[in-house]
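S.K.: sequence unknown, structure follows:
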């Protein structure tokens with residue numbers, strides 16, 4: 001916000017605060033919508049600014065850096081939120097499958113029961129990796145980044161729990177269709 005104020009300072013105008021807030025919203029929207037190519041172009045522009053030493057270029061450089069960091073944080077939040085939703089859906093799906101599987105175990109012969117029971121106990125706390133919205137490494141990177149920046153102990157603990165559940169997503173395709 002301070003960078004925006006420096007860049008868009010309006011002296012002797014009664015609507016300066018409103019103008020700053022409008023500009024801030026525009027830049028937030030812009031940085032949230034940036035894709036990888038746009039971020040790379042902004043970084044190239046930052047390098048050009050380094051060769052133009054002035055107070056204004058330093059402020060713009062700092063502003064772009066803040067925007068890129070903001071964009072990255074928002075991207076990580078989105079990844080982690082989608083992962084959280086997938087985890088809840090996977091848990092519900094797993095609960096229903098465990099119920100169905102336990103009903104089938106009761107109908108099977110005694111000879112098959114021991115093998116199926118072992119598989120049942122192993123899989124009841126596992127989830128199909130295909131339910132993840134992103135690959136495991138992307139989710140792990142997002143969670144670890146958010147943990148570093150987080151100060152709320154409860155949120156840190158939630159993120160750590162989410163990270164540990166990531167190991168419970170396995171490739172179910174090896175078990176058949």
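M.R.: Great, that's in hand. Please read these numbers as outputs of a predicted model, since none were measured by experiment. Numbers count the residues shown, from 1 in each chain.
S.K.: the domain parsing of this structure - what is it?
M.R.: What the record gives for the chain is the domain set 2-69, 72-175, from automatic domain parsing.
S.K.: State the mean pLDDT of the longest helix along the chain.
M.R.: Ordering each helix of the chain by length in residues (DSSP state H) puts helix 55-107 first. The pLDDT scores in helix 55-107 average 82.
S.K.: Packing partners of it?
M.R.: Helices and strands touching helix 55-107, as assessed by 3 or more CB pairs under 8 Å, 6 or more residues apart in numbering; DSSP states H and E, comprise helix 2-7, helix 16-33, helix 36-50, helix 110-123, strand 127-128, helix 136-149, helix 153-166. Where you see a C-beta, it was placed from the backbone N, CA and C, and this is true even at glycine.
S.K.: can you rerun that using 10 Å?
M.R.: In this structure, helix 55-107 makes packing contacts with helix 2-7, helix 16-33, helix 36-50, helix 110-123, strand 127-128, helix 136-149, helix 153-166, strand 169-170, judged by 3 or more CB pairs under 10 Å, 6 or more residues apart in numbering; DSSP states H and E.
S.K.: Run the angle between that helix and helix 136-149 for me.
M.R.: Angle, helix 55-107 to helix 136-149, by axes from the mean of the first three to the mean of the last three CA atoms, to 10 degrees: 120 degrees.
S.K.: Contacts for stretch 29-36 next, please.
M.R.: For stretch 29-36, the external contacting residues (CB atoms under 10 Å, 6 or more residues apart in numbering) are 38-42, 63-64, 66-75, 78.
S.K.: Mind checking which of these are buried?
M.R.: Neighbour-count burial within the contacts of stretch 29-36 applies to 39, 42, 63, 64, 66, 67, 68, 71, 75; the criterion is 16 or more other CB atoms under 10 Å.
S.K.: any idea how far the fifth one lies from residue 60?
M.R.: The one in question is residue 66. Distance, residue 66 to residue 60, using CB to CB, to the nearest Å: 11 Å.
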